[in-house]
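K.L.:
Return atomic coordinates for the entry below.
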Amino acid sequence: MSEASPARIDRAALERIIQRAAELQTAEREMGDTLTSDELMALGREVGIPGQYLQQAMLEERTRLGKIEAAGLFERVAGPGQVAAQRVVRGDSDSVEQALLRWIERNELLCVQRQQTGRITWEPIGGIQAAFRRSTAAIGGKRPFMLSRAATVSATILPLEPGYTHVELSADTRKVRNEYVGAGAALAGLGIASTAALVALGALFPLALLPLPVALGVGYGVLRRFGPALARIQLGLERALDFLEQGGATTQLQLPDRGDGILDLLANEVRKALKS
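P.N.:
Sure, this is the predicted structure:
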């Protein structure tokens, strides 16, 4: 009779096990409430963490920014008007900047709005170019575009220690939020108008009130759909940072030549779809 194969450990359990093992390892050492960077590197070597990863993690902690909080009651109810993500990646700032430009060019429906040293802003492209890129992406089986609904996407690229760069991406989500808020408010207003009309026509008061809660409920349901749209934009930011973290700054890709006419545009998009 064959021996049973060892049980598989899922990712969530693996993270808990590693975290707990690290706690047990550090508990055996006498240390204060704080450590120097050298002591932390020495501790990392003891538990088998490669120095480059520990160095990157320390830089991320030093440059970590606070989470964007809702500014007022409206944002707490409707949702934030901005989302952000940040990461420390390996590579010099120039190569990271070029890699990010390549990624956005190839994987999102955005074009550069403004570019300065260490600062880039993109805006959505529209018209026939956006429509054709969507169609060629579908034909080529490319990943879906995730940042096209943001009003603008901004990147701040800051060099840190040699070989490391801090990248912060943010997306302005006020436009898409206002779309959902407007649709929900319109449905609520329709319910109020219907109730007022029924009252004016002399309908029974309970019957006249019936459209109001229905419209309010549907309007709130529409507003709640902003949450998944926001999560999609957030995931788009994280996806770009994943590319940089996985060595995107060392990948040599050529940006397509920008043609002057519609035929050049179509040819470029077809070539990109076929290469993907």
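
K.L.:
The stretch 51-200 of the chain: helices as residue ranges?
P.N.:
51-63, 73-78, 93-107, 127-140, 174-200 (DSSP state H, counting those that start in this stretch).

K.L.:
ok, and which of those has the densest surroundings?
P.N.:
Across the helices of the stretch 51-200 of the chain, averaging neighbours per residue (mean count of other Cβ atoms under 10 Å) puts helix 93-107 on top, at a mean of 19. (Each C-beta comes from the backbone N, C-alpha and C, glycine too.)

K.L.:
Show me what that one is packed up against.
P.N.:
Where contact means 3 or more Cβ pairs under 8 Å, 6 or more residues apart in numbering; DSSP states H and E, helix 93-107 is packed against strand 119-124, strand 153-159, strand 164-172, helix 226-245.

K.L.:
So which bits of the second one are buried?
P.N.:
This points to strand 153-159. By 16 or more other Cβ atoms under 10 Å, the buried positions in strand 153-159 come out as 153-155, 157-158.

K.L.:
what packs against it?
P.N.:
helix 93-107, strand 119-124, strand 164-172.

K.L.:
and what of the last one?
P.N.:
Using 3+ Cβ pairs under 8 Å, 6+ apart as the contact criterion, the secondary-structure elements in contact with helix 226-245 are strand 82-90, helix 93-107, strand 164-172, helix 174-200.

K.L.:
Select, out of these, the one closest to Glu75.
P.N.:
Closest approach to Glu75 among the helices and strands packed on helix 226-245 is made by helix 174-200 (8.7 Å; Cβ to Cβ).

K.L.:
Setting aside sequence neighbours, what's the nearest residue to Leu187?
P.N.:
Closest residue in space to Leu187, ignoring its immediate chain neighbours: Gly219 at 3.8 Å, by Cβ to Cβ, 6 or more residues apart in numbering.

K.L.:
again with Cys111
P.N.:
Leaving aside its chain neighbours, Cys111 sits nearest to Ile125 (4.9 Å; criterion: Cβ to Cβ, 6+ apart).

K.L.:
ok, the one you found - contacts?
P.N.:
109-111, 133 (Cβ atoms under 8 Å, 6 or more residues apart in numbering).

K.L.:
got it, and Arg114?
P.N.:
The contact partners of Arg114, by Cβ under 8 Å, 6+ apart, come to 120-121.

K.L.:
Relative to Arg16, how far out is it?
P.N.:
Using Cβ to Cβ, to the nearest Å, Arg114 is found at 44 Å from Arg16.

K.L.:
Could you do Leu223 as well?
P.N.:
According to Cβ to Cβ, Leu223 and Arg16 sit 36 Å apart.

K.L.:
Compare those two and say which one has the larger neighbour count.
P.N.:
Leu223 (21 against 11; other Cβ atoms under 10 Å).

K.L.:
and the more buried one, what helix or strand is that in?
P.N.:
helix 211-224 (DSSP states H and E).

K.L.:
how about low-confidence regions in the stretch 1-150 of the chain?
P.N.:
The stretch 1-150 of the chain contains residues with pLDDT under 70 at 1-7, 14, 18, 22-74, 130, 135-142.

K.L.:
and if we set it to 80?
P.N.:
Within the stretch 1-150 of the chain, the ranges that satisfy pLDDT under 80 run 1-79, 126-143.

K.L.:
OK, contacts around the residue nearest to Gly191 when sequence neighbours are not counted?
P.N.:
Closest residue in space to Gly191, ignoring its immediate chain neighbours: Ala215 at 2.3 Å, by Cβ to Cβ, 6+ apart. By Cβ under 8 Å, 6+ apart, the contact list for Ala215 reads 187-188, 190-192, 194.
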